[in-house]
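>>> With the input below, show me the fold.
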Amino acid sequence: MEEVIRIEDLSFSYPDGRQALRSIHLTVTRGETMALIGPNGAGKSTLLLHLNGIFYSNGAVQILGKALNENNLRWVRARVGLVFQDPDDQLFCPTVFDDVAFGPINMGYSKPRVCEAVKKALEWVGMAGYEQRSPHHLSFGEKKRIAIATVLSMSPEILVFDEPTSNLDPRGKWSLIRLFQKLPATKVIATHDLELVRALCSRTIILDHGRIVADGLTNQILADIELLQASGLAPEDTARGT
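As a prediction, this is how the structure comes out:
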């Protein structure tokens, strides 16, 4: 199958010297929905930020066959939509329309094409009719949907989500899961929500201390209680098979 993401020997340290990623090797194929799980501080968010060029490192990441570097950041960001954990980090305009239109405008879309892109994106997330609403006056779940619309408006081939169900009530979470099931793009989802992983993801990767410690079928990964315990993803007294 076609590779849409290839990562080869990616390591990354922050300016304070903390090493967040250690020799990551990873490929993702078109159409996959892949979960990235692990304890806090494992490097999940840092890895996601390498997928659309917020961080980049000498061609260690390839997107759709192109090495990610400073010369093609614009091209990559048009194809990889990143949705942050907190929608307030993504919504900064006075109206929903302005937020969802921001990406297409900056990509040079014509005015009619911008309007069409906004219309389609809001329909995708079930928020048609909200164009003139202030995003800052919406519920948290509505903000999550608008944040997703801001990347869908650019028709990305790859969608990257950081903790998409955090701070949502059960109804909001399952509504978002149903939305994700309809989205046709390749999806990479960093999460602690194992219900979401079971419902959406055929493949799961465990990241711990900046390293990939497991990569396999979701049902096999989530059935390995000892592995989950070792990575801080299951209580120590969880019995096998429960």
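>>> Do I have it right that Arg198 meets Leu222?
Yes: using CB atoms under 8 Å, Arg198 is in contact with Leu222, at 6.4 Å. Where C-beta positions appear, they are placed from N, C-alpha and C, glycine not excepted.
>>> Ile105 against Val114, yeah?
Yes: contact criterion CB under 8 Å: Ile105 and Val114 qualify, at 5.8 Å.
>>> Between these two, which has more neighbouring residues?
Taking neighbours as other CB atoms under 10 Å, Ile105 and Val114 compare with Val114 leading, 20 against 16.
>>> Next up, identify which helix or strand the more buried one is on.
Assigned by DSSP states H and E, Val114 belongs to helix 111-124.
>>> do the same with Leu36
Leu36 belongs to strand 33-37, assigned by DSSP H and E.
>>> got it, and Leu159?
Element membership of Leu159 [criterion: DSSP H and E] is strand 158-162.
>>> What ranges in this structure fall below the confidence cut-off?
58-59, 236-242 (pLDDT under 70).
>>> Just the buried positions in the following helix or strand past the strand holding Leu159, please.
Per DSSP H and E, the first helix or strand lying C-terminal to strand 158-162 is helix 170-182. Neighbour counts over helix 170-182 (16 or more other CB atoms under 10 Å) mark Gly172, Lys173, Ser175, Leu176, Ile177, Leu179, Phe180 as buried.
>>> Nearest to Lys187, out of the residues you listed: which one, please.
Phe180 (6.7 Å; CB to CB).
>>> Next one: the closest one relative to Phe97, how far apart?
24 Å (CB to CB, to the nearest Å).
>>> Could you do Thr46 as well?
Taken as CB to CB, the span from Thr46 to Phe97 is 32 Å.
>>> And those two? Which one has more around it.
Shown here are Thr46 and Phe97; by other CB under 10 Å, Thr46 has more neighbours (23 against 19).
>>> how about the more buried one, secondary structure?
helix (DSSP: H, G, I helix; E, B strand; the rest coil).
>>> ok, it - contacts?
Going by CB atoms under 8 Å, 6 or more residues apart in numbering, Thr46 touches Phe12, Ala20, Leu21, Phe55, Gly210.
>>> The residues you listed: which two are farthest apart?
Phe55 and Gly210 (13.3 Å).
>>> More neighbours: which of these two?
In terms of neighbours (other CB under 10 Å), Gly210 is the more surrounded of Phe55 and Gly210; the figures are 23 against 18.
>>> which residues touch that one?
Contacts for Gly210 (CB under 8 Å, 6+ apart) come out as Ser11, Gln19, Ala20, Leu21, Arg22, Ile24, Ala42, Gly43, Thr46.
>>> and what of Leu138?
Neighbour list for Leu138: Val96, Tyr130, Ile146 [criterion: CB under 8 Å, 6+ apart].
>>> Need the three-state assignment for the nearest residue to Ile24 once chain neighbours are set aside.
Spatial nearest neighbour of Ile24, chain neighbours left out: Leu10 (4.2 Å); criterion: CB to CB, 6 or more residues apart in numbering. Per three-state DSSP, the local secondary structure of Leu10 is strand.
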